[in-house]
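[1] Let me see the structure of the following:
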Amino acid sequence: MKNVTDSFVSLGHWPSAGSFGFNTDILATNLINLSVVLGVLIFFGKGVLSDLLDNRKQRILNTIRNSEELREGAIDQLEKARARLRKVEIEADQFRVNGYSEIEREKLNLIDSTYKTLEQLENYKNETIIFEQQKASNQVRQRVFQQALQGALGTLNSCLNSELHLRTISANIGILGAMKQITD
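    Have a look, this model is predicted:
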């Protein structure tokens, strides 16, 4: 340190118009050179450095502003997406409720139509049974009538002799003749 202070002190003792020489004290000359270079850099570089810092500051502010705008836009989009999501959830719930009620309605309609079909089938069955009973009853009557008629014819044929037969035919002819005279 003593060398540094000696070099500043020795600056005042240099003759102004005299000799020119080399200072061999490296520490003293480096310190002076550095002081001069730093002084020149600060004096001339202050504007450049200030401009660089101002530009950097403006870029950072612009980036912050853009980020804020993007953030606001993202928040708006998020709110819109949330609103759409709520709307879609409400619609989905309505579809779900409507779907369940529609399924229940269809189920009740199917049960009702099944009961109606069963009632119709029961009615058709009863009508078919009644029809078949009437048909069987008519067939039984026809057979009974045929058997009774055959029995009566057999009885008449066995009871009628030829004289009774001729008298019956004559009586019938007489009745027909009388009817003819009445109509004429």
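
[2] need the next SSE after the longest helix along the chain, C-terminal direction.
    With secondary structure taken from DSSP state H, the chain has its longest helix at helix 26-159. As assigned by DSSP states H and E, the chain's next helix or strand after helix 26-159 is helix 162-183.

[3] And that following helix, what's buried?
    For helix 162-183, burial by neighbour count (16 or more other C-beta atoms under 10 Å) applies to no residue. The C-beta positions use only the backbone N, C-alpha and C, and glycine is treated the same way.

[4] That helix relative to helix 26-159, how many degrees between them?
    110 degrees (axes from the mean of the first three to the mean of the last three C-alpha atoms, to 10 degrees).

[5] any idea how far helix 162-183 is from the chain center?
    Centroid separation for helix 162-183 versus its chain: 96 Å, with C-alpha atoms, centre = their mean, to the nearest Å.

[6] Distance from the chain centre to stretch 74-83, please.
    23 Å.

[7] same deal with stretch 82-95?
    11 Å.

[8] Tabulate the CA atom coordinates of that stretch in PDB.
    Output in PDB follows, covering the C-alpha atoms of stretch 82-95 (Å, rounded to 0.1, in the frame of the first residue of the first chain):
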ATOM      1  CA  ARG A  82     -66.300 -22.700 -16.300                       C
ATOM      2  CA  ALA A  83     -69.600 -21.100 -17.300                       C
ATOM      3  CA  ARG A  84     -69.900 -23.500 -20.300                       C
ATOM      4  CA  LEU A  85     -69.000 -26.400 -18.000                       C
ATOM      5  CA  ARG A  86     -71.700 -25.400 -15.600                       C
ATOM      6  CA  LYS A  87     -74.200 -25.100 -18.400                       C
ATOM      7  CA  VAL A  88     -73.200 -28.400 -19.900                       C
ATOM      8  CA  GLU A  89     -73.500 -30.100 -16.400                       C
ATOM      9  CA  ILE A  90     -77.000 -28.600 -16.000                       C
ATOM     10  CA  GLU A  91     -78.000 -29.800 -19.400                       C
ATOM     11  CA  ALA A  92     -76.500 -33.200 -18.700                       C
ATOM     12  CA  ASP A  93     -78.500 -33.400 -15.400                       C
ATOM     13  CA  GLN A  94     -81.600 -32.400 -17.300                       C
ATOM     14  CA  PHE A  95     -81.000 -35.100 -20.000                       C
END
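
[9] Rounded mean pLDDT for it, please.
    What stretch 82-95 shows for mean pLDDT is 91.

[10] heads up, I number from 58, so please use that
    Sure, I'll start counting at 58 from here, so that last one is stretch 139-152.

[11] what residue ranges in the protein score low on pLDDT?
    58-85, 217 (pLDDT under 70).
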